[in-house]
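Asker: sequence isn't available, so here's the structure alone:
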């Protein structure tokens, strides 16, 4: 750009120079041919160069280019003119330059042609000889597409339709915007408005799309013709996906942006595809919907899914269609046709947990044309990875891509990626006729798939370059973990393996990823400690020094007082001020009892009183629990009291974690609800206030955990309790995040759960079994090992499967077009030559694409050999 700025003035002057004669300012005679003596005053805007010619030479030079734009030098400047006004007549049905002696002029001798450089009016003559073709065929053979089938008065060039077709795929431009562009290219001032051919353009685009669809899928090569086209036959798909290796991966989703207003009707604007492409056949589907609409919608038994609970409450005022649903190949992000016939089918849906429950019962009530033959097939239902955290725990382990065999690194989110491509078309199709809308969306879906096909070489190579190192990394992680465990627990590991293999073979067996989590609470610990004291009394051991307050009650009430006054919020400070006297009396009474069990506290408190010149507030009084006693004065304390405080602080840590879990889930739900439903400043302000309270609650729970963690850390040194940090790790700010949130820089496919969602909730004691029994429930480290071992195995296996799937996909090639070349053999020679030529050209394109892909993939064998081979310890 800097270099260009140096030539800024030059560019501008050269641009302005073209407004005059330029290099031909002093040429007085036309150079169109040697004998021409006329003045050169006409210049073509589309021909190469800027030379001027006379009227006759300009017309003769443009008999093969009748749609070029001409400008005329009027003595002062160039003004626009037309070849028609210069006398050019275009003859169809004969070679260029040959006149028909029995021609017939177009209607009113004013034929309108739409081309990429504007809108043109032509003097057009049709051939009317005895052997003449119809006007429509004469136009088509000139590569001009007629606007009507009877007595056409306007047409569009093939290159204009091809240009719009590709432009709308890439930019999602609407037909109206394209028409406006053509009109302004023709006259950008409004002085000479062009004739309105917008409706004609719409009609030609719709027909062109349908013809290209049929041509690309060999319908012209079928001897039975267009009428033999089957449902879903005209779709761009990847090749058929051995049991899991050759399974078909499907994903289902709906898009409510693709709504359609109640405009026109099927009779006035019928669809031309008729179920041949991605949309189902319209008439039969509407009859089906009319019957299904009478069945009441079953409410969701999982989380509150809007897709289920609000299915019948969508705002449909003024709409004929509230949205569109698609079935995608979730392996390659392809839009699927309306038909499936495979042995192994993996179906992803954001509400698969609910949708799959009574699927076969519902299907038995449907018309036979929508039945799916279930016999001999294996179906697996899954939930899209992004949507999975919103489901209950049972769904998260039952329908997860990460745990089910054969899924590779699939996420099931193919429809969402497709919606990003098609959503820009929603506005321009919302008010079109129903047929035009359906054909337009079919066309865009087809182009979306075709771009995926042409990009297979790059996309698959990129994936395998990423996947092979990830496979090796996860395999090494699993092998290290596996070797560590199997050395001491070979029998248990063998059982774990058997359990998970049984589940992979038949998912109706008990889910090996299921775990029962029981939160350790202070109430439960107080009950257990009280029961222990009662058992001691029955055996004749009485450690109580007070008639009403036992040691466990002393420590428990001390911790409660610590919670009330040690770390107050603003609201708590206000309440404490109001009831400070009552609280102070409670603390004084507690301190008197504390002296019976902890006499050393008396000396510390007397020393603190002597050093303090003012009266202490209730929330400033130090309680000197056993942990604080050790921390403040390096004093020893009764071991039983320390044990009681240890248990209670542990319980508080688990309670705080449990509170954080619930509040984080609530926070995630509220954010999603706010984004989806909250509109307006007032509602957003209220929602933000609620979220602020929830986030404050999360911070409070984290602070409670950290206080408990600090006390446990102090007591662990006094009581010689190692390994406690395995159960209660230090809580960092980065650890406090929702289940669906990864750490900084982690993507969805590689994100890790915070340890707070994997907390074991078990006490680790000395010895190899690391087992501790609490209130009749056995919480074991072994259970956590079992779940983590299975998850680690699943991660390693999914990455290994992904490599296998990618290698298999690279070996598939297409030979379909080579089989089409000689199917239809009863046509005239020109048509037959066209059919064979088109089929062979398509086959050559596929072979060229295959050769290109194979050249790109030649690095894959070296890539596979350069990385770690499959580990022999792999548990598959």
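Answerer: Looks like it arrived, so ask away. Remember, predicted model here, so these are calculated numbers, not experimental data.

Asker: tell me the SS of residue 72?
Answerer: Using DSSP: H, G, I helix; E, B strand; the rest coil as the criterion, the local structure at residue 72 reads strand.

Asker: so it makes contact with residue 40?
Answerer: No - with contacts counted by CB atoms under 8 Å, residue 72 stays clear of residue 40, the gap being 10.9 Å. Any C-beta I mention is one placed from the backbone N, CA and C, and that applies to glycine too.

Asker: could you list every helix and strand in contact with whichever helix or strand residue 789 is part of?
Answerer: Counting by DSSP states H and E, the element that carries residue 789 is helix 781-810. Under the contact criterion of 3 or more CB pairs under 8 Å, 6 or more residues apart in numbering; DSSP states H and E, helix 781-810 touches helix 456-486, helix 490-505, helix 860-866.

Asker: do that again at 7 Å, thanks
Answerer: Under the contact definition 3 or more CB pairs under 7 Å, 6 or more residues apart in numbering; DSSP states H and E, helix 781-810 sits against helix 456-486, helix 490-505.

Asker: can you point me to the longest strand in this structure?
Answerer: Secondary structure assigned by DSSP state E gives strand 118-127 as the longest strand of the chain.

Asker: just checking: what are the partner strands of it?
Answerer: Taking DSSP bridges as the criterion, strand 118-127 sits next to strand 89-91 (parallel), strand 103-105 (antiparallel), strand 111-115 (antiparallel) in its sheet.

Asker: now do the buried residues in it.
Answerer: Buried positions in strand 118-127, judged by neighbour count with 16 or more other CB atoms under 10 Å: 118-127.

Asker: cool, stretch 185-197 as well?
Answerer: Neighbour-count burial for stretch 185-197 flags 186, 194, 197 (criterion: 16+ other CB under 10 Å).

Asker: looking at those, which one is closest to residue 114?
Answerer: residue 197 (6.3 Å; CB to CB).

Asker: wait, that closest one touches residue 111, no?
Answerer: No - the criterion here is CB atoms under 7 Å, and residue 197 misses it with residue 111 at 11.2 Å.

Asker: am I right that residue 75 is in a strand?
Answerer: No - Residue 75 is assigned coil when assessed by three-state DSSP, not a strand.

Asker: and the helices in the stretch 301-450 of the chain?
Answerer: Ranges of helices in the stretch 301-450 of the chain, per DSSP state H, counting those that start in this stretch, are 306-309, 352-355, 359-364, 393-398, 414-422, 426-429, 434-454.

Asker: ok, residue 88 touching residue 61?
Answerer: No - taking contacts as CB under 7 Å, residue 88 lies outside contact range of residue 61: 10.1 Å.

Asker: pull the contacting residues for the residue lying closest to residue 233 once chain neighbours are set aside.
Answerer: Setting aside the residues directly before and after it, residue 233 is nearest to residue 276 in space (CB to CB, 6 or more residues apart in numbering), at 5.7 Å. By CB atoms under 7 Å, 6 or more residues apart in numbering, the contact set of residue 276 is 229, 231, 233-234.

Asker: now for the helix or strand harbouring residue 647, which elements pack on it?
Answerer: Element membership for residue 647, per DSSP H and E: helix 639-677. Contacts defined by 3+ CB pairs under 7 Å, 6+ apart place helix 639-677 against helix 522-538, helix 551-565, helix 626-633, helix 681-719.

Asker: hang on, the earlier thing: who's more crowded, residue 88 and residue 61?
Answerer: Counting neighbours by other CB atoms under 10 Å for residue 88 and for residue 61 shows that residue 88 has the greater number, 18 against 15.

Asker: could you look up the SS state of the closest residue in space to residue 755 that isn't next to it in sequence?
Answerer: Distances taken as CB to CB, 6+ apart place residue 729 nearest to residue 755, at 5.5 Å, with adjacent residues excluded. Secondary structure, three-state DSSP: residue 729 is coil.

Asker: and if you look at residue 254?
Answerer: Secondary structure, three-state DSSP: residue 254 is strand.

Asker: if I look at residue 688, how far off is residue 835?
Answerer: From residue 688 over to residue 835 the distance is 66 Å, taken as CB to CB, to the nearest Å.

Asker: these two: who's more crowded?
Answerer: residue 835 (20 against 12).

Asker: so what secondary structure elements neighbour whichever helix or strand the more buried one is part of?
Answerer: In the assignment (DSSP H and E), residue 835 maps to helix 829-856. When contacts are defined as 3+ CB pairs under 7 Å, 6+ apart, helix 829-856 packs onto helix 456-486, helix 816-820.

Asker: of all those, which one is nearest residue 862?
Answerer: helix 456-486 (10.9 Å).

Asker: circling back: which positions in the helix holding residue 835 come out as buried?
Answerer: 835-836, 838-839, 842-843, 846, 849-850, 853.

Asker: just the angle between it and helix 781-810, please?
Answerer: Counting by axes from the mean of the first three to the mean of the last three CA atoms, to 10 degrees, helix 829-856 lies at 140 degrees to helix 781-810.

Asker: give me the mean pLDDT for helix 829-856.
Answerer: On average, the pLDDT along helix 829-856 is 81.

Asker: ok, stretch 803-816 next?
Answerer: Averaged across stretch 803-816, the pLDDT comes to 66.

Asker: about what we covered before: how about the strands paired with strand 118-127, which one is nearest residue 9?
Answerer: strand 111-115 (35.2 Å).

Asker: quick one: residues in contact with that closest one.
Answerer: Contacts of strand 111-115 (CB under 7 Å, 6+ apart): 67, 119-122, 124, 144, 153-157, 160, 182, 195, 197, 201.

Asker: mind listing which of these are in helices?
Answerer: Among the contacts of strand 111-115, the members found in helices (DSSP state H) are 160, 182, 201.

Asker: residues of stretch 412-419 that come out buried?
Answerer: For stretch 412-419, by 16+ other CB under 10 Å, it's 412-416, 418-419.

Asker: next one: stretch 474-493
Answerer: Across stretch 474-493, burial judged by 16+ other CB under 10 Å covers 474-475, 478-479, 481-482, 485-486, 489, 493.

Asker: overlap in contacts of residue 197 and residue 111?
Answerer: By CB under 7 Å, 6+ apart, residue 197 and residue 111 have these common neighbours: residue 154.

Asker: where do the strands sit along the stretch 151-300 of the chain?
Answerer: Assigned by DSSP state E, counting those that start in this stretch, the strands in the stretch 151-300 of the chain fall at 154-157, 248-255, 260-261.

Asker: so how far is stretch 251-271 from its chain's centroid?
Answerer: Mean-position distance between stretch 251-271 and its chain equals 23 Å (CA atoms, centre = their mean, to the nearest Å).

Asker: sorry, slip of the keys, the one I care about is stretch 357-369.
Answerer: 29 Å.

Asker: ditto for stretch 219-237
Answerer: 32 Å.

Asker: likewise stretch 472-483?
Answerer: 30 Å.

Asker: related to what we said a few turns ago, how about the helices of the stretch 301-450 of the chain in CSV, adding mean pLDDT?
Answerer: Formatted as CSV, the helices of the stretch 301-450 of the chain follow (pLDDT from 0 to 100):
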stretch, mean pLDDT
helix 306-309, 55
helix 352-355, 84
helix 359-364, 80
helix 393-398, 83
helix 414-422, 86
helix 426-429, 88
helix 434-454, 86
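
Asker: which of the ones you listed sits closest to residue 212?
Answerer: Across the helices of the stretch 301-450 of the chain (criterion: CB to CB), the nearest stretch is helix 434-454, sitting at 8.0 Å.

Asker: list the helices and strands that closest one packs on?
Answerer: Looks like helix 434-454 contacts helix 198-216, strand 334-335, helix 414-422, helix 426-429 (3+ CB pairs under 7 Å, 6+ apart).

Asker: hey, which of these is tucked in deepest?
Answerer: Highest mean neighbour count among the helices and strands packed on helix 434-454 (mean count of other CB atoms under 10 Å): strand 334-335, with a mean of 25.

Asker: show the average pLDDT along that one.
Answerer: Averaging pLDDT along strand 334-335 gives 82.

Asker: what does it rub up against?
Answerer: Strand 334-335 has contacts (CB under 7 Å, 6+ apart) with 237-238, 278, 326, 328, 418, 445, 448-449, 452.

Asker: between those, which is nearest residue 654?
Answerer: Closest to residue 654, out of all of the contacts of strand 334-335 and judged by CB to CB, is residue 328, at 43.3 Å.
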